[in-house]
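**Q** output the structure for:
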Amino acid sequence: MIGAASSLQAQASGTVADAQLLRAGTLTRRVGQRRQMLGVQAVSCSLISLVLLVYCYAGTISIVVPSAYFLSGIGLIGFFVLLSETHVNDRFEDHYLTLFQVGGHVALQLGFLLAAPQIGYAFISVLFLIFEFGALRMTSRQATVAWTLVHAVRAEPLPETPPSSSGGGPIKRAVPPGPADVQAAVESDLFSSDRSAPSAPYRMPGEKTPEVKQAAEPPKPTVLGTAVANDGKSFATLQLGDNRPTLVRVGDKIGEWVVKAIDRGKVTIINASGGRADLVVPKPGS
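**A** Model (predicted):
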């Protein structure tokens, strides 16, 4: 009896030892598999960061985006490495924690999709890659949950531009007028003495500008004679039309003209519009 009991106890001890050895071997194999998978994720995160650096070099995004993406991705992968090395994963039926990893990486892509929407297609493409590789380790229920999450952020194509109703060219848009300086108009004194009329009257948009006819030059007087003195008291005799001859000096006005200068045999006159004329004494017999 004693011999039989000892034999059974020895067999039981051997069975427990074999089970513990088998369990230790299984855990070691699982850890190795998880390390391999997490290492591939780290390489993938680095490659995606390099692609983002290309966008940064092209000036599409800031250097902050690829830097933050790399640090966030490596931090997320490092968190799952910590769980794997402490054997937290082995407490679950799916020791890869596939659904949790897919959810974490999907959230990462969505966050950077909002931060850099100008390159949103890059992050959306990564979303589908995450689902495709994650589906290899998922059960049917897990795959359904992950697919629902990915499908919720599917990018719909933009609708095509509807054809123009008219057969003509593109519609031309009117150029809007510049903003009016209301503040300057309010601050201006309406009754200020230095205000003057604009050089051109205001016209409505599209209103044609009337042709400005050049004003006729006023009639010029005729020089009958000049007298030049050194003391600045020179004078001249001018006749405007059929009027009586008039004795004028520099600064005097005759008709629409003002005497500007008096020289020997010549008188210079100007008018209000800026016209200028040099009149000479006609030669005898002309």
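**Q** now do the phi/psi pair for I270.
**A** phi -140, psi 160 (degrees, to the nearest 10).
**Q** now for it: which residues touch it?
**A** 257-258, 260, 276-277 (C-beta atoms under 8 Å, 6 or more residues apart in numbering). C-beta: built from backbone N, CA, C; applies to glycine.
**Q** for it, give its distance to L238.
**A** Going from I270 to L238 by C-beta to C-beta, to the nearest Å gives 14 Å.
**Q** circling back to that earlier point, buried subset of the contacts of I270?
**A** Burial by neighbour count, 16 or more other C-beta atoms under 10 Å: within the contacts of I270 this picks out 257-258.
**Q** out of the contacts of I270, which one sits closest to S46?
**A** Ranked by distance to S46 (C-beta to C-beta), the contacts of I270 are led by R276 at 84.7 Å.
**Q** what is the neighbour count of M37?
**A** M37 has 17 neighbours, counted by other C-beta atoms under 10 Å.
**Q** nope, K266 is what I meant
**A** 15.
**Q** do you know the pLDDT at the nearest residue to it once chain neighbours are set aside?
**A** Of all residues not flanking K266 in the chain, V280 sits nearest, at 5.0 Å (C-beta to C-beta, 6 or more residues apart in numbering). pLDDT for V280: 87.
**Q** which ones among the contacts of I270 map onto strands?
**A** When DSSP state E is applied, those are split such that 257-258, 260, 276-277 fall in strands.
**Q** what's the closest of those residues to D242?
**A** W257 (16.6 Å).
**Q** spatially, which residue comes closest to the closest one, not counting chain neighbours?
**A** I269 (4.2 Å).
**Q** kindly export the helix or strand harbouring the one you found (C-alpha atoms) in CSV.
**A** Using DSSP states H and E, the element containing I269 is strand 266-271. Extracted C-alpha coordinates of strand 266-271, given in CSV (Å, rounded to 0.1, in the frame of the first residue of the first chain):
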residue,chain,number,x,y,z
LYS,A,266,7.5,142.4,-77.6
VAL,A,267,4.9,141.8,-74.9
THR,A,268,4.3,138.5,-73.0
ILE,A,269,0.8,137.8,-71.8
ILE,A,270,-0.9,134.9,-69.9
ASN,A,271,-4.5,133.9,-69.2
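**Q** can you give me the helices for this structure?
**A** 2-57, 64-85, 98-115, 120-134, 140-151, 182-187 (DSSP state H).
**Q** please work out the average pLDDT along the first one.
**A** Helix 2-57 shows a mean pLDDT of 70 in the predicted model.
**Q** what about the nearest residue to I48 once chain neighbours are set aside, neighbour count?
**A** If the residues on either side of it in the chain are set aside, I48 comes closest to V126, at 6.3 Å by C-beta to C-beta, 6+ apart. Neighbour count for V126, taken as other C-beta under 10 Å: 20.
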